[in-house]
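J.: Show me how the following folds:
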Amino acid sequence: MRYQILFDPLILYCSLKWNCSVSSLLPYLWILMIYMEIDVVCFLIFGLVHSKLYTMRIIFVALIGLAFSCNSSQKTVSPQASPKQDIDPVAYAETITQEELKEHLYTYASDEFEGRDTGSPGQKKAVEYLRKEYQGLEIPAAKPDGDYFQKVPLEIAQVPEGSITINGSNFELGDNVLTFSEAKGTFTQVVYAGFGVETENYSDYSGLDVKGKLVLIKAGEPKNADGTYTVSGTDEKSVWSNMSEAMGKKSNLAAEKGAKGVLYFDDGNFSRFKGYFNFMKTNKRGQMSLKEETSDSFIILLNKTSATTLKSDIDSDNTPSDLSVELELQISSANKLIDSENVAAIIKGSEKPEEYLVISSHLDHIGITADGQINNGADDDGSGSVALLEIAEAFKKAADAGKGPKRSIVFLHVTGEEKGLLGSRYYTDFDPILPLEQTVANLNIDMIGRIDPKKGGDGNYLYLIGSDKLSTELHELSEEVNEKYINMEFDYTYNDENDPNRFYYRSDHYNFAKNNIPIIFYFNGTHEDYHRPGDTPDKINYDLLETRTRLVFYTAWEVANRENRPAVDKPAK
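T.: You can find the predicted model right below:
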């Protein structure tokens, strides 16, 4: 019935004009049958039986033209000729199941893995488990040499012992002075650098030579005569006043200028540093750091008693100057090397293989307590680790079906997160397996298997942190993906710059963000079992873990397959 409107006039015409047998037109009918459905040919045969030949040339041209015309209206354009259509990811997302997540996690967060403390035998079992899973999925290693492990050289600095003598006054380490590294030497000069701040329009180092010398710095930042802050030009403090970042930022600046070491005066926060010092001294485990970061430079924390022994008016005087002193450092420490590794696998992109989306989680936890209890870390970050495995499997199934991501996806399990984001820092700052400038985004998963007690049992939420810090486009993409596929509540409470928890700076995404790579941090919040033996696999909400893992997969799918990488329109902080 589809072609009757076309063939009725043709049949009428043939019945009046043609005078030939059907057999004489069979060659032309075979041509028609190649391009047209049998019902069309039957229509023509019906007409031809009653017709007379008018002119073979005219009819041949008409039939061929008609055949191609009908064919173009019926046949699908070949894949090579048509633009690539969007692929629905739902079928692949649905391969992420709570049953498989549970199976993984009951192994990964079992007592056999002993809490996965960085460098411990349990952590070694964890990385072997991850490697075997990727091998079983036939997802290759991200490193060109085929090794799934990226060695991360770590060391533990045992809590140092010793004292500092300042202008004849002796201060035992742990009372009025603190440090976590070895510091030795005799000095007759200290350079006072005020707040130790340097920006485009302001510098405490102007005219100072600090190379090979000790630098004395105090907490805070300069103010103008009207009481506004010099750096911001407003009543708002800048990052130079942030306790979590300022000390590191200032000491790094001094080191870049060649300083031998930093004496840092922060009386307001000295008690907090002292509490940590006493804790490290009690547990005998020392402070872990990247071996590449150790150097001859050091930082020593001072309270008001020790600082005023160096400079009596340090509270009121902000003017940089050279100080003549008699200072002797006698602080020693014995370091211990730690063997640990990141695990990295990759699915190569089909169209943009040299652009990379990194999906990360940390593979370690805090291990065994002094009384022998195992901190299994099922939520922290067993949930992220197994989610990453399931996301990788879903992408692999898509790739095997010829529907793999346009960009390459790196599945990165990092070590040493619990010791100070060490594995991710090594990846970004010392040995990127793949170029950071070609890394389009980082999606970091750290604790997504439980419900924050503040939510009153409602699990249809997820805390998102950092999605809008660098890229408005990534944030909007994230919102659109959630609305399209999942429709859960995105809670941005911990995304607030003034949030006292400072979660933005406390997981592995931060090492990507500080390198101007857009990030999203997925987090369910803390709970009563956070960093305690009660964080076990039986307390995980596996239906929520499934849903949240699928959300990350969908977001990764969109980032990996969109035409352009998420634009960075905000500066890194």
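J.: can you pull out the helices in the stretch 101-250 of the chain?
T.: Per DSSP state H, counting those that start in this stretch, the stretch 101-250 of the chain carries helices over the ranges 121-137, 243-256.
J.: Pull out the CA atoms of the shortest one and give them to me as PDB.
T.: What follows is helix 243-256, C-alpha atoms only, in PDB (Å, rounded to 0.1, in the frame of the first residue of the first chain):
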ATOM      1  CA  MET A 243      45.700  28.600  59.000                       C
ATOM      2  CA  SER A 244      45.300  25.500  56.800                       C
ATOM      3  CA  GLU A 245      47.200  26.900  53.900                       C
ATOM      4  CA  ALA A 246      49.100  30.000  55.000                       C
ATOM      5  CA  MET A 247      52.000  28.300  56.800                       C
ATOM      6  CA  GLY A 248      52.700  26.000  53.900                       C
ATOM      7  CA  LYS A 249      52.300  28.800  51.400                       C
ATOM      8  CA  LYS A 250      54.700  31.200  53.300                       C
ATOM      9  CA  SER A 251      57.300  28.500  54.000                       C
ATOM     10  CA  ASN A 252      57.300  27.400  50.300                       C
ATOM     11  CA  LEU A 253      57.800  31.000  49.200                       C
ATOM     12  CA  ALA A 254      60.700  31.400  51.600                       C
ATOM     13  CA  ALA A 255      62.200  28.100  50.200                       C
ATOM     14  CA  GLU A 256      61.800  29.300  46.700                       C
END
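J.: buried set for that helix?
T.: Across helix 243-256, burial judged by 16 or more other C-beta atoms under 10 Å covers 246-247, 249-251, 253-255. C-beta coordinates here come from the backbone N, C-alpha and C atoms, glycine included.
J.: Can I get those in JSON lines including distance to residue 346 and pLDDT?
T.: Rendered in JSON lines, the data for the buried residues of helix 243-256 read as follows (distance: C-beta to C-beta, whole Å; pLDDT from 0 to 100):
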{"residue": "246", "distance to residue 346": "37", "pLDDT": "92"}
{"residue": "247", "distance to residue 346": "37", "pLDDT": "93"}
{"residue": "249", "distance to residue 346": "33", "pLDDT": "94"}
{"residue": "250", "distance to residue 346": "38", "pLDDT": "96"}
{"residue": "251", "distance to residue 346": "36", "pLDDT": "94"}
{"residue": "253", "distance to residue 346": "36", "pLDDT": "96"}
{"residue": "254", "distance to residue 346": "39", "pLDDT": "96"}
{"residue": "255", "distance to residue 346": "35", "pLDDT": "93"}
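J.: Identify the bridge partners of the most centrally placed residue in the chain.
T.: Computing the C-alpha centroid of the chain and ranking residues by C-alpha atoms, centre = their mean puts residue 442 first, at 3.1 Å. When assigned by DSSP bridges, residue 442 has beta-bridge partners residue 358, residue 519.
J.: Let me see the contact set for it.
T.: The neighbours of residue 442, taking C-beta atoms under 8 Å, 6 or more residues apart in numbering as the test, are 357-360, 509, 512-513, 517-520.
J.: ok, back up a step: Serialize the helices of the stretch 101-250 of the chain to a markdown table and add fields for distance to residue 320.
T.: Formatted as a markdown table, those follow (distance: least, C-beta to C-beta, whole Å):
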| stretch | distance to residue 320 |
| --- | --- |
| helix 121-137 | 46 |
| helix 243-256 | 12 |
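J.: got TSV for the contacts of residue 442, with pLDDT and neighbour count too?
T.: Output for the contacts of residue 442, formatted as TSV (pLDDT from 0 to 100; neighbours: other C-beta atoms under 10 Å):
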residue	pLDDT	neighbour count
357	99	25
358	99	31
359	99	26
360	98	31
509	98	31
512	98	26
513	97	22
517	98	23
518	98	31
519	98	27
520	98	25
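J.: quick one on the thing from earlier: now flag whichever of the buried residues of helix 243-256 is closest to residue 110.
T.: residue 247 (39.1 Å; C-beta to C-beta).
J.: mind listing what the closest one touches?
T.: Shown in contact with residue 247 (C-beta under 8 Å, 6+ apart): 219, 264, 266, 299.
J.: so who does the first one touch?
T.: For residue 219, the contacting residues are 195, 241, 243, 246-247, 264-269, by C-beta under 8 Å, 6+ apart.
J.: wait, which of these is closest to residue 537?
T.: Residue 537 lies nearest to residue 243 out of the contacts of residue 219, by C-beta to C-beta, at 36.1 Å.
J.: Nearest spatial neighbour of that closest one, chain-adjacent residues omitted?
T.: Distances taken as C-beta to C-beta, 6 or more residues apart in numbering put residue 269 closest to residue 243, at 5.4 Å, once the chain neighbours are dropped.
J.: is it true that residue 428 touches residue 510?
T.: No - Residue 428 is beyond contact range of residue 510, at 9.5 Å (criterion: C-beta atoms under 8 Å).
J.: Look up which helix or strand residue 341 falls in, please.
T.: strand 335-347 (DSSP states H and E).
J.: List the buried residues for that strand?
T.: Buried, per 16+ other C-beta under 10 Å, within strand 335-347: 335, 338, 340-347.
J.: Report the distance from that strand to the chain centre.
T.: Taking the mean of its C-alpha atoms, strand 335-347 sits 17 Å from the chain's own mean (C-alpha atoms, centre = their mean, to the nearest Å).
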